[in-house]
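Peer 1: build me a model from this:
(one chain, ligands or ions: 1)
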Amino acid sequence: MYFSSTVHKNPPVLFKDAILRCLPEEGGLYVPETLADLRPFFLHMGEETTYQEMAAAVAPLLFEGDLNPLSAARVAKSAFTFDPELIQLDETFSVLNLYNGPTGIFKDFGAAFLAALLEELLRGGKTGKTSEAMVISAARGNSGVSIARAFENREGIVTALLYPNEPILGLKKAGYLSQGGNVIPIRVRGGLDDCQKLIGEVIYDRPFAERYQVTSANAINPGRLLPQSFYFLYSFIKLKKRISGELMFSIPSGNFGNLIAGLYAWKFGMPVNGYIVAMNMNNSFSEFLKGEAPADIKPRALVPTVSPALDVIRPSNRERLMAFYESAPAVMRNMVFPESVDDETTIAAMEKAWIRYGIHLDPHGAVAYAAAERMAANRDFNGHIVILATGHPAKYSDLAARVSGERLVTPERLASLGQEAEPAAEIEPDLEGLESAIAACF
Ligand SMILES: *Cc1c(COP(=O)(O)O)cnc(C)c1O
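Peer 2: Numbering: from 1, shown residues only. Below you'll find the predicted structure:
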């Protein structure tokens, strides 16, 4: 599969090069230029197929010559030591739990695949020598730990995490590069936007980027985004014998990574009728999703909500989203259904999920459930909706206790995620600061 920039100037590059470079030379973001048809592979898969098997079978098609079936199986096995869990709730709803990874958020899936894949790509074929790469990512809260866990102990990879000026959570000191690990947490005196901007700048500083073989594990990297399409395919193969009629997914959306991954799954040939884009009140993109011109998107001020991972006003995938709309506006309008859910409705949905199905949803999953309920209440709807549960409910145990009267047990792997850690360096939000902080580590 070939990738080109959303601004289309240079010839397309192979998936491998898109992953190692992360951002196209001419600007924009990488998007697939040609699309794999995965139908022959997943149409015959069924309930018994494991997530590892499915990922190993479809990955070589996405990578063509760059990943043979043997390598793909190795990557899938090393990445996915945890699985998505699809639970059918009734005729209308299923829930897809994506929180069984090391840090309890769906981001563990994309990060784990990218980490295992990079390790495989860097492993020096004939020469036997492993080349080195530096993965620089911007994160806040637990998203950074998710990346750190995915990359820890990966051979040939050092990972620098840029945190905004707020506490760095959940990192273990033993994993730091200075202590023999491979993580460099760097606090940036600025916001998440500053951190993201720095990543663009450092990748475009070619001498530096080539010297350290810099790439990123943020969703700007297609190697993290594309594997997220695997769990949509996985839901389909688990459900296809059980349901008839329409299939939809309800996606709690902030940066629209999962939405784009779902749209890729559709492009790869998965039969699906629509995606519900479940947002909280930070919903500046609703009008665009309904068909208004991008120029009319008016970013509103950010409102803090009970579903903080959806509190996004400048989604990092907006260029990819716009590229989808540009290529087929009518299809997008018939397939993508924005819904906005306020805090009160979110908490009511947590309660409803508990009372009706005996399941705990975190607030992000609850936003998706509330949006799905609205769709299902449409008179002419008679399909099945898969609700993406993107975060572990135990991370919101106070809320869970409030709605259910039950205190959730926090799994051991999640217990330390709230602990504050020390940065290895602290910098001003400028390129020079970042580059000297990195150079100082070697
Ligand atoms: C990151 C995150 C989201 C938002 O996903 P996008 O792909 O950025 O839209 C939703 N829920 C949780 C728990 C998250 O951590």
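
Peer 1: test my guess that Leu417 contacts Val145.
Peer 2: Yes. Under the criterion of C-beta atoms under 8 Å, Leu417 makes contact with Val145 at 6.0 Å. C-beta coordinates here come from the backbone N, C-alpha and C atoms, glycine included.

Peer 1: between the two, which one's more packed in?
Peer 2: Val145 (30 against 21; other C-beta atoms under 10 Å).

Peer 1: hang on, the earlier thing: can you pull the residues that touch both of Leu417 and Val145?
Peer 2: Shared contacts of Leu417 and Val145 (C-beta atoms under 8 Å, 6 or more residues apart in numbering): 103, 169-170.

Peer 1: give me the nearest residue to Leu121, chain neighbours excluded.
Peer 2: Counting by C-beta to C-beta, 6 or more residues apart in numbering, Leu121 lies nearest to Lys16, which is 6.0 Å off, once chain neighbours are set aside.

Peer 1: and that neighbour, how many neighbours?
Peer 2: 17.

Peer 1: so who does it touch?
Peer 2: 63, 66-67, 121.

Peer 1: for it, which three-state class applies?
Peer 2: When classified by DSSP: H, G, I helix; E, B strand; the rest coil, Lys16 comes out as helix.

Peer 1: show the pLDDT at it.
Peer 2: Turning to Lys16, the model gives it a pLDDT of 91.

Peer 1: can you give me the distance of it to Leu122?
Peer 2: Going from Lys16 to Leu122 by C-beta to C-beta, to the nearest Å gives 11 Å.

Peer 1: any idea which helix or strand comes after the helix or strand hosting Ala330?
Peer 2: According to DSSP states H and E, Ala330 maps onto helix 329-335. Next helix or strand after helix 329-335 toward the C-terminus (DSSP H and E): strand 336-340.

Peer 1: hmm, that following strand touching the ligand?
Peer 2: No. Using C-beta under 6 Å from any ligand atom, strand 336-340 never reaches the ligand; the gap is at least 12.5 Å.

Peer 1: which strands and helices sit next to the helix or strand following that strand?
Peer 2: Toward the C-terminus, strand 336-340 is succeeded by helix 343-357 as the next helix or strand (DSSP H and E). Counting contacts by 3 or more C-beta pairs under 8 Å, 6 or more residues apart in numbering; DSSP states H and E, helix 343-357 packs against helix 363-376, helix 397-404.

Peer 1: let me know the secondary structure of Arg300.
Peer 2: Once three-state DSSP is applied, Arg300 turns out coil.

Peer 1: contact partners for it?
Peer 2: By C-beta under 8 Å, 6+ apart, the contact list for Arg300 reads 282, 284, 313.

Peer 1: quick one, which of those are buried?
Peer 2: Taking 16 or more other C-beta atoms under 10 Å as the criterion, what is buried in the contacts of Arg300 is 282, 284.

Peer 1: and which of the contacts of Arg300 is nearest to Trp266?
Peer 2: Ser284 (24.5 Å; C-beta to C-beta).

Peer 1: what domains does the record give for this structure?
Peer 2: Following automatic domain parsing, one finds the domains of the chain at 85-104+225-413, 132-212+414-442.

Peer 1: are any of the shared contacts of Leu417 and Val145 buried, and which?
Peer 2: Counted by 16+ other C-beta under 10 Å, the shared contacts of Leu417 and Val145 give 103, 169-170 as buried.

Peer 1: what's around Asp398, how many residues?
Peer 2: Asp398: 8 neighbours (other C-beta under 10 Å).

Peer 1: same thing with Arg379?
Peer 2: 5.

Peer 1: please, where are all the strands along the stretch 151-300 of the chain?
Peer 2: 157-163, 168-169, 183-188, 214-215, 247-252, 274-279 (DSSP state E, counting those that start in this stretch).

Peer 1: next, the angle strand 183-188 makes with the first one.
Peer 2: With axes from the mean of the first three to the mean of the last three C-alpha atoms, to 10 degrees defining the directions, strand 157-163 sits at 20 degrees from strand 183-188.

Peer 1: who touches the helix or strand bottoming out on mean pLDDT in the chain?
Peer 2: Using mean pLDDT, DSSP states H and E, the weakest-scoring helix or strand in the chain turns out to be helix 39-42, at a mean of 83. Outside of helix 39-42, the residues within contact range by C-beta under 8 Å, 6+ apart are 54, 57-58, 61, 233, 236-237, 268-270.

Peer 1: what residues of that helix count as buried?
Peer 2: Quick answer for helix 39-42 (16+ other C-beta under 10 Å): 41-42.

Peer 1: from the contact counts, what lies against the helix or strand that it is followed by?
Peer 2: As assigned by DSSP H and E, the chain's next helix or strand after helix 39-42 is helix 51-63. Helix 51-63 makes packing contacts with helix 15-21, helix 39-42, helix 69-79, helix 230-239 when contacts are defined by 3+ C-beta pairs under 8 Å, 6+ apart.

Peer 1: what does the stretch 1-150 of the chain put close to the ligand?
Peer 2: 105, 107.

Peer 1: let's see it at 8 Å
Peer 2: Residues of the stretch 1-150 of the chain lying near the ligand by C-beta under 8 Å from any ligand atom: 99, 105-107, 142-143.

Peer 1: not counting sequence-adjacent ones, nearest residue to the residue positioned nearest the centre of the chain?
Peer 2: The chain has Lys107 as the residue nearest its centroid, 4.5 Å off, counting by C-alpha atoms, centre = their mean. Nearest non-adjacent residue to Lys107, counting by C-beta to C-beta, 6+ apart: Ser146, 4.5 Å away.

Peer 1: just checking, that neighbour is part of a strand?
Peer 2: No. Ser146 is assigned helix when assessed by three-state DSSP, not a strand.

Peer 1: what are the buried residues along the helix holding Ala330?
Peer 2: So, applying 16+ other C-beta under 10 Å, buried residues of helix 329-335: 332, 335.
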